[in-house]
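Peer 1: Sequence and predicted model, in that order:
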Amino acid sequence: MWKPLLIAFATGTAVLISSALFVSSVPQKVSALERYGNSKPSEPLERLDLIQSVREARRPKVGEVAEDLDVTDEIGARFHLATRLDRPLLLGAFCSCGACRRTAAAWSRLHARYPAQFSAAALVALPKGDALYGFHDSLKVNFPLIPDPDHALSARYPGKGEGSEALGCPRAWVIGRDGRYRYVMPQGSEPTPQVLRAVAKSLGLKQVPEALIASVPAE
């Protein structure tokens, strides 16, 4: 009588142990923010859609026509790149790391001084909602932020490398009224005076006060 019960118990225990080992061996899902939410992605896993998007994208290059963008920003307003070129456009791709935050703050200072001479916008690797609003409010950003939590939009404007390597941030470009790139910022650059002078020059800004292009202190 007890022998069948013991066999059934042993069989059930073996099944449970096998199931546990199988589950522990399956790679856990990693969110896009955990995978790409820094300026130097280190997660070895790659999303196939981003790899394909990066490979198919036209890399930003001075003189080349910029990829168009027709999306909605953090408050749901339409942002259509092609209709924003009545003046030079400073476009960026940020995550929420220190370098990206310092870049956003530096751009906001520059835009506050020359609001009629250029426009700005940034793709930010945060979902629409409190996280993006917090990024906006804490830095007093004065230009549209476009939610891009999965880097699907950012992948249209890749930097050097393949896959997530090409999405290192901050990345930034100045697009002229003719829709062509005037300036491509070195990928992952801090907002140093040298970088900000190059940005200001490509935007056509003259006699920019040194206080506006001073490096933003690290947090």
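Peer 2: Yes, it's here.

Peer 1: Can you give me the neighbour number for the closest residue to Lys140 other than its chain neighbours?
Peer 2: Here the nearest residue to Lys140 in space, its sequence neighbours aside, is Ser108; by C-beta to C-beta, 6 or more residues apart in numbering that works out to 5.9 Å. Every C-beta, even on glycine, is put in place using the N, C-alpha and C of the backbone. Ser108 has 17 neighbours, counted by other C-beta atoms under 10 Å.

Peer 1: wait, is Ser108 part of a strand?
Peer 2: No. Assessed with DSSP: H, G, I helix; E, B strand; the rest coil, Ser108 is helix; it does not lie in a strand.

Peer 1: quick one, what contacts it?
Peer 2: 139-143 (C-beta atoms under 8 Å, 6 or more residues apart in numbering).

Peer 1: Of those, which is the nearest to Val124?
Peer 2: The shortest gap between Val124 and any of these belongs to Val141, at 9.4 Å (C-beta to C-beta).

Peer 1: Can you tell me the SS state at that closest one?
Peer 2: Using three-state DSSP, the secondary structure recorded for Val141 is coil.

Peer 1: wait, isn't it in contact with Arg101?
Peer 2: No. Counting by C-beta atoms under 8 Å, Val141 does not reach Arg101; the two are 9.8 Å apart.

Peer 1: Between these two, which contacts overlap?
Peer 2: Contact criterion C-beta under 8 Å, 6+ apart; residues bridging Val141 and Arg101 by contacting each: Phe135.

Peer 1: gap between the residue nearest to Lys140 and Ala155?
Peer 2: To Ala155, Ser108 is 25 Å away according to C-beta to C-beta, to the nearest Å.

Peer 1: And for Gly76?
Peer 2: From Gly76 over to Ala155 the distance is 22 Å, taken as C-beta to C-beta.

Peer 1: Please say which of the two ends up with more neighbours.
Peer 2: Taking other C-beta under 10 Å, Gly76 and Ala155 do not tie; Ala155 has more neighbours (26 against 7).
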